[in-house]
Structure formats: C-alpha cells, structure tokens
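Chemist: This is a predicted model, with the sequence first.
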Amino acid sequence: METFIQQIINGLVLGSMYALVALGYTMVYGIINLINFAHGEVLMVGALVSWTIVTALAGSGLPGWLILLISLVAAIVICSALNFTIEKVAYRPLRSAPRLAPLITAMGMSLLLQTLAMIIWKPTIKSYPILLPTEPINVFGAVINTVQILILVITAVTLAGLMYLVNYTKLGRAMRATAENPRVAGLMGVRPDMVISATFIIGASLAAIAGVMWAANYGSASHTMGFLPGLKAFTAAVFGGIGNLAGAMVGGIALGIIEALGAGYIGALTGGILGSHYQDIFAFIVLILVLTLRPSGLLGERVADRA
C-alpha cells in the first residue's frame, strides 16, 4: 500500500509538469491548428536559463527560495520572448500554407533550438543546485519533499489562473473567438495576430515553469532534456483531447499516474524481466490505444472551449 501511495504522489508530480507543457500544445493547436513540436525545447531553454541564473547567484548569500524565484521569472521572460520570435519568424508566414509546411518547420525549429542550446551551454549535463529543504515529509507511509509540494501548488495555481483567463477575461474571449473563426473575429474588432502571439507567450510561460520544476525536481539540466517531456506532453494532450484545456490537464495528470504506477509495478508484473527504467513505454502504449480506440481523446474537442 505504501508503494501504491508513493507512486501516486510521484505520478501527480510528474503529471503536473506534463499538464503544464500539454496546455501549451493544446492552446496553440486550438487557435491555429498547429502542433508546435518546438514546445519541448522551450522547456529546455527555461531550465537552462534558470540553471545559469541559479549558478550565478549561488554565492550571493540570498535565500534559496529567492534565487529560485528570480531564476523562474528570468526563464519565463526569456522563453516568452523566444516563443514570440518563433511564431513571428517561423510560423506566421506559413499560416495559409499547406498543413505539412508548418509541421516540418516546427520540427526544424526544435532541432535548431537544441543545436543553439548545445553551442551556448555546451553538450554536458548540468547539475542543478539544491535550493530548498530536502527533508522528506511522511504522508501515509510515503514521502514527499518541499520541491514536489511546490510543484503541485504552483501547477494548481497556474491552471486555475489559466482557466480564469480563458473563461472570464477580454483576452480569453478574444482567444475563443479566434479559435472559432479568425476571420469573423477580425471583423468584430479582435486582432488575431495579437491573440496568437499572446497564446504563444502564455504557452512559453507554462513551459518555462515546467522546465524549472523539472530541473529542480530531478537535479539536472541539459540541451537534450526537452525532447522526451515534450513528446510525452503531446501524448498527454492527445490523450485528454487536443484543443481542449481541461483535457490537457486531465491527460497530463492521468499520464503521469499511469507512468508512475507502471514504473512501480512493471518489475513484479514481468517477473523482473523489465525494470522501472522502461517506464517510457507506458506513455506510448497509451498514445497508441487512444489513437486507435478514441482518436478525439478522453474529453474530445469542443470548439467553443478551444483556446
């Protein structure tokens, strides 16, 4: 039972990070029908910017939580500027092009960002400093640490803020209108280009938060770290129903829990043949099953909710 509770906690932490990245995928897809495969690399840039700030301030005497907060703000600013530039330079000129062109561009942008990160930060795995207390807290026999609690709290607050933004603000209404019909929204006084740029900036901010959390939780950052979380977050978005905000959240949390439970019990289920390092297969088994049995995802896609 303790193992089960521990894996549920691990799954919620992992799923929270997937959900944040999946929201970026689903918001962009909801508005311009583009799968932004460079989104995982934005997470990686956020983590590496945070690592740079943290290592620069390590000997400053500032408290750990403040250094982490400063690095998080810096990561959000840099990633927002990066995603804004990517949209303006790479995706905007291709908006009326065939669907395949922006998809290939997104893959090319992903490789370009990885290469630039490798040049700037060198192709080594960076050790992320421990900034918060690491004493384990007991929960029904399982353990959780301060970083994991912070991840869960930040994710919950961020998701609540995003739902409020989309459903109750002027920008949210503009997003929903643009998702429904950009041309008609333009006639009603909405500026689709501004809305699309804002969507990319919000998505980048979420990816930056996820990147800093990922580095702080696992204690490392590298130029290749964005690929797998990006791919799994895309799986989570498809699992929940791409284009649907609630679907991205549910898909991310569910995928994290499935993966964590799989990692905890795969050894017992296969008689020791497969170890916990095979946990990645669960994400892609889920993707195959969802695409086969329910291509619209768990919550489907309701056009009015797309944003």
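Modeler: Yep, it's here. Every value quoted in this text rests on a predicted model; they were computed, and no experiment measured them.

Chemist: going forward, measure contacts between C-alpha atoms and count neighbours the same way
Modeler: Will do.

Chemist: Tally up the residues packed near the nearest residue to Ala179 once chain neighbours are set aside, please.
Modeler: Nearest non-adjacent residue to Ala179, counting by CA to CA, 6 or more residues apart in numbering: Ile31, 4.2 Å away. Other residues near Ile31 come to 24 when the count uses other CA atoms under 10 Å.

Chemist: So Ile31 lies in a strand, does it not?
Modeler: No: when classified by DSSP: H, G, I helix; E, B strand; the rest coil, Ile31 is found to be helix rather than part of a strand.

Chemist: pLDDT score assigned to it?
Modeler: Ile31 carries a pLDDT value of 87.

Chemist: just checking, it touches Gly172?
Modeler: No: counting by CA atoms under 8 Å, Ile31 sits too far from Gly172 to count as a contact (11.6 Å).

Chemist: quick one: the helices in the chain?
Modeler: Applying DSSP state H to the chain gives helices spanning 2-32, 39-57, 64-86, 100-121, 146-168, 170-180, 182-187, 192-218, 227-240, 245-269, 280-293.

Chemist: Show me what the second one is packed against.
Modeler: Applying 3 or more CA pairs under 8 Å, 6 or more residues apart in numbering; DSSP states H and E, one finds that helix 39-57 makes contact with helix 2-32, helix 64-86, helix 100-121, helix 192-218, strand 220-221, helix 227-240.

Chemist: list the buried ones in that helix?
Modeler: By neighbour count with 16 or more other CA atoms under 10 Å, helix 39-57 contains the buried residues 39-54, 57.

Chemist: try the third one
Modeler: Applying a neighbour-count criterion of 16+ other CA under 10 Å, one finds 64, 67-68, 71-80, 82-84, 86 buried in helix 64-86.

Chemist: Using TSV, please lay out the helices of the chain together with distance to Ile137.
Modeler: Output for these, formatted as TSV (distance: least, CA to CA, whole Å):
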stretch	distance to Ile137
helix 2-32	12
helix 39-57	25
helix 64-86	18
helix 100-121	35
helix 146-168	8
helix 170-180	39
helix 182-187	49
helix 192-218	15
helix 227-240	27
helix 245-269	19
helix 280-293	27
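
Chemist: nearest to Asn138, of the ones you listed?
Modeler: Among those, helix 2-32 comes nearest to Asn138, with 10.1 Å by CA to CA.

Chemist: Now the closest one: buried residues?
Modeler: 5-32.

Chemist: Counting by contacts, list what that helix packs against.
Modeler: For helix 2-32, the packing partners by 3+ CA pairs under 8 Å, 6+ apart come out as helix 39-57, strand 142-144, helix 146-168, helix 170-180, helix 192-218, helix 227-240, helix 245-269.

Chemist: measure stretch 86-102 end to end?
Modeler: Start and end residues of stretch 86-102 are separated by 12 Å (CA to CA, to the nearest Å).

Chemist: Begin at 228, not 1, for the rest of this chat.
Modeler: In the new numbering, first residue 228, that becomes stretch 313-329.

Chemist: Quick check: the gap between Gly474 and Thr462.
Modeler: On the measure of CA to CA, Gly474 and Thr462 end up 11 Å apart.

Chemist: Also Thr426?
Modeler: 20 Å.

Chemist: pLDDT weak spots in the stretch 378-527 of the chain?
Modeler: 498-499, 502-503 (pLDDT under 70).

Chemist: at 80 instead, please
Modeler: Applying pLDDT under 80 to the stretch 378-527 of the chain flags the ranges 470, 490-507, 509-510, 527.

Chemist: Brilliant, that's me finished.
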